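[1] Got a predicted structure plus its sequence, pasted below:
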Amino acid sequence: MANIAFVGLGVMGAPMAGHLARAGHRVRGWARRPGVADAWAAAVQGGSATAAAGGSATAAATLEGALDGAEALVTCVGADADLRALLLGDGEGAPLVGGALDALPPGALVIDHTTASPGVARDLAAACAGRGLHWLDAPVSGGQAGAEAGRLSVMAGGTPEAFEAAGPFLAAYAARSVRIGPAGHGQLAKLVNQIAIAGLVEALAEALAFGRAAGLDMDAVLAAVGAGAAQSWQMDNRAASMLEGRFDFGFAVEWMRKDLGLALAEARALGASLPVAALVDQFYAEVEAMGGGRWDTSSLIARLPRGRGCDR
């Protein structure tokens with residue numbers, strides 16, 4: 001079992017770090033916000049499975065404390081700037097002068113679950129290589145529910161050796177882990193995922209709004225179409241709440257807009273065309289203007305006529 005530093009104990013990171021402790025690893029968690037790591041550690045320590053497996057969950061008062069003796073660093077933070085500040089010490093307010101990479105021993109593994117740009121992943125992989133560290137960009141899909149259930153899907157970029165070394169850790173919270181290619185390819189795969197989801201959710205929102213406008217029994221409609229070619233995870237898990245106007249869970253609109261911004265920037269650099277993704281990003285901007293920045297991404301239906309809070 002390994003000594004792991006885990007940075008980023010939000011709605012995704014906290015359950016992932018907990019699964020690592022319950023799998024028998026010694027996990028030290030750190031977060032910028034006061035009290036977050038303490039609350040996480042208390043919640044995990046309250047479960048008998050952690051002690052039974054020989055693992056532990058400890059709150060670190062400082063980033064240095066979390067990194068002390070760590071064989072692996074797992075991160076799940078906000079965006080490129082957060083990663084650069086954390087790992088390289090870049091920018092004002094960086095939590096550690098020189099960055100976390102300088103505090104790790106040669107041979108340590110860095111697994112990053114942030115959805116970030118492919119470019120920053122490649123830069124950080126090079127920085128790790130220069131320090132004798134192993135890097136894996138490993139964004140996830142499955143949302144908060146998948147993180148809590150330990151059923152995430154991981155798309156990874158890095159060397160085969162780094163992916164193999166990360167395997168026992170990823171197994172603690174992922175139902176599937178796939179190495180896509182070298183550094184940055186995990187992030188590119190995550191952008192593929194987000195592009196596909198954006199178009200799908202908008203199509204589902206329009207379909208549901210249309211059916212309701214037509215006066216259809218939407219429970220019956222979903223029972224019918226949900227068994228055919230239109231079936232999707234979004235339909236199975238979000239159609240009912242979309243019709244009810246419930247958006248207080250899941251992946252937030254502002255996070256999706258960040259991801260779509262990354263996808264659109266990468267598409268421009270590649271000469272690729274993303275007309276639907278660009279349009280859906282504009283629709284999400286409308287949802288944000290409605291005060292829905294923290295609503296679930298299924299809230300696209302709220303901007304349509306009779307979209308939010310109407311009877312089914």
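    Looks like it came in fine. Numbering: from 1, shown residues only.

[2] Going by C-alpha atoms from here, please, whenever you check contacts or count neighbours.
    Will do.

[3] I'd like to know which helix or strand in this protein has the lowest mean pLDDT.
    Taking mean pLDDT, DSSP states H and E as the measure, the helix or strand of the chain with the lowest value is helix 48-53, at a mean of 58.

[4] And the strands in the protein?
    Using DSSP state E, the strands found in the chain span residues 3-7, 26-30, 56-59, 72-75, 109-112, 134-137, 140-141, 152-158, 174-181.

[5] who wins for proximity to Ala39 among those strands?
    Evaluated with C-alpha to C-alpha, the strands of the chain place strand 56-59 nearest to Ala39, the distance being 8.4 Å.

[6] Please provide the alpha-carbon coordinates for that closest one, formatted as PDB.
    Included here for strand 56-59 are C-alpha records, laid out as PDB according to Å, rounded to 0.1, in the frame of the first residue of the first chain:
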ATOM      1  CA  SER A  56      -5.900   5.900   6.600                       C
ATOM      2  CA  ALA A  57      -7.300   9.400   5.800                       C
ATOM      3  CA  THR A  58      -5.400  12.300   7.300                       C
ATOM      4  CA  ALA A  59      -5.900  16.000   6.800                       C
END
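
[7] Could you name the helices and strands sitting against it?
    Under the contact definition 3 or more C-alpha pairs under 8 Å, 6 or more residues apart in numbering; DSSP states H and E, strand 56-59 sits against helix 13-22, strand 26-30, helix 36-45.

[8] The last one vs strand 26-30, what angle?
    Same thing as helix 36-45. In this structure, helix 36-45 runs at an angle of 150 degrees to strand 26-30, with axes from the mean of the first three to the mean of the last three C-alpha atoms, to 10 degrees as the basis.

[9] Run the angle between helix 36-45 and helix 13-22 for me.
    40 degrees.

[10] list the buried ones in helix 36-45?
    Taking 16 or more other C-alpha atoms under 10 Å as the neighbour-count basis, helix 36-45 is seen to contain the buried residues 36-38, 40-41, 44-45.

[11] how far away is the residue in the chain sticking out farthest from the centre from Ala156?
    No residue in the chain has its C-alpha farther from the mean C-alpha position than Gly215, which lies at 37.3 Å (C-alpha atoms, centre = their mean). Taking C-alpha to C-alpha, to the nearest Å as the measure, Gly215 falls 45 Å from Ala156.

[12] The closest residue to Ala263 other than its chain neighbours and Thr159, how far apart?
    Ranked by C-alpha to C-alpha, 6 or more residues apart in numbering and with sequence neighbours excluded, the top spatial neighbour of Ala263 is Leu191, at 5.6 Å. Between Leu191 and Thr159 the distance, using C-alpha to C-alpha, works out to 20 Å.

[13] Also Ala116?
    Applying C-alpha to C-alpha, one obtains 18 Å for the distance of Ala116 from Thr159.

[14] Those two: which has the busier surroundings?
    Looking at Ala116 and Thr159 with other C-alpha atoms under 10 Å, you find the greater number of neighbours at Ala116, namely 28 against 17.

[15] List the residues that contact that one.
    Neighbouring residues of Ala116 by C-alpha atoms under 8 Å, 6 or more residues apart in numbering: 79-80, 187, 259, 262.

[16] Kindly report the same for Arg238.
    Listed by C-alpha under 8 Å, 6+ apart, the contact set of Arg238 reads Ser298.

[17] So for the nearest residue to Met256 once chain neighbours are set aside, what's the pLDDT?
    The spatially closest residue to Met256, leaving aside those adjacent along the chain, is Thr297, at 7.1 Å (C-alpha to C-alpha, 6+ apart). According to the model's per-residue confidence, Thr297 sits at a pLDDT of 97.

[18] Now render the strands of the chain as CSV, adding distance to Trp233 and mean pLDDT.
    Putting the strands of the chain into CSV (distance: least, C-alpha to C-alpha, whole Å; pLDDT from 0 to 100) gives the following:
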stretch, distance to Trp233, mean pLDDT
strand 3-7, 29, 98
strand 26-30, 32, 98
strand 56-59, 33, 96
strand 72-75, 27, 98
strand 109-112, 25, 98
strand 134-137, 25, 98
strand 140-141, 12, 97
strand 152-158, 13, 98
strand 174-181, 15, 98
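
[19] Minimum distance to Gly250: which of those strands has it?
    With C-alpha to C-alpha, the closest approach to Gly250 among the strands of the chain belongs to strand 140-141: 11.6 Å.

[20] now the helix of greatest length in the chain against strand 152-158, angle please.
    Of all the segments assigned as helix in the chain under DSSP state H, the longest by residue count is helix 185-213. Relative orientation of helix 185-213 versus strand 152-158 (the same axes, to 10 degrees): 150 degrees.

[21] Return the angle between stretch directions for helix 185-213 and strand 174-181.
    Interaxial angle of helix 185-213 relative to strand 174-181 (the same axes, to 10 degrees): 120 degrees.
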